[in-house]
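Enquirer: below is the structure, and that's it, no one-letter string:
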């Protein structure tokens, strides 16, 4: 099992920035590609970004966040990050960290975190 714990969510005004963190434990971190998803109220979770394993040399973004969000991983800390810049009210959602041995916009990763709320006010 892989345990994932997100942190860093909160409230910010439009145009602001937040950095989400996701600490992983339980299995070898570098065996897993890491992703971020988000869920809007009443909607299904949608893919946001992914970073490859083991080194994070490749990244993949949803069109809606490209050029605003940056995903990265620190294998020395077993942590994946999502730097979110130029946030807009439509980015308001619960953000989830995910782990899977496959890299890319996977619909059903093997492991999920509990989620962290991001609220952007206009």
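Expert: That came through fine. Note that this is a predicted model, so its numbers are computed, not measured.
Enquirer: sketch out the strands for this structure, chain order is fine.
Expert: Chain-ordered strands for the chain, with DSSP state E as the definition, fall at 3-7, 10-13, 18-25, 33-39, 46-51, 59-61, 69-74, 79-84, 93-100, 111-112, 116-121.
Enquirer: could you dump those into TSV and include mean neighbour count?
Expert: C-beta here means a position set from N, CA and C on the backbone, and glycine is covered the same way. Output for the strands of the chain, formatted as TSV (neighbours: other C-beta atoms under 10 Å):
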stretch	mean neighbour count
strand 3-7	17
strand 10-13	13
strand 18-25	19
strand 33-39	24
strand 46-51	22
strand 59-61	17
strand 69-74	18
strand 79-84	23
strand 93-100	23
strand 111-112	18
strand 116-121	16
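Enquirer: need those in JSON lines (columns: mean pLDDT).
Expert: Compiled in JSON lines, the strands of the chain are given as follows (pLDDT from 0 to 100):
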{"stretch": "strand 3-7", "mean pLDDT": "97"}
{"stretch": "strand 10-13", "mean pLDDT": "98"}
{"stretch": "strand 18-25", "mean pLDDT": "98"}
{"stretch": "strand 33-39", "mean pLDDT": "98"}
{"stretch": "strand 46-51", "mean pLDDT": "97"}
{"stretch": "strand 59-61", "mean pLDDT": "97"}
{"stretch": "strand 69-74", "mean pLDDT": "98"}
{"stretch": "strand 79-84", "mean pLDDT": "98"}
{"stretch": "strand 93-100", "mean pLDDT": "98"}
{"stretch": "strand 111-112", "mean pLDDT": "97"}
{"stretch": "strand 116-121", "mean pLDDT": "98"}
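Enquirer: if I pick residue 98, what's in contact with it?
Expert: 4, 34, 35, 36, 37, 106, 109, 110, 111, 112, 113 (C-beta atoms under 8 Å, 6 or more residues apart in numbering).
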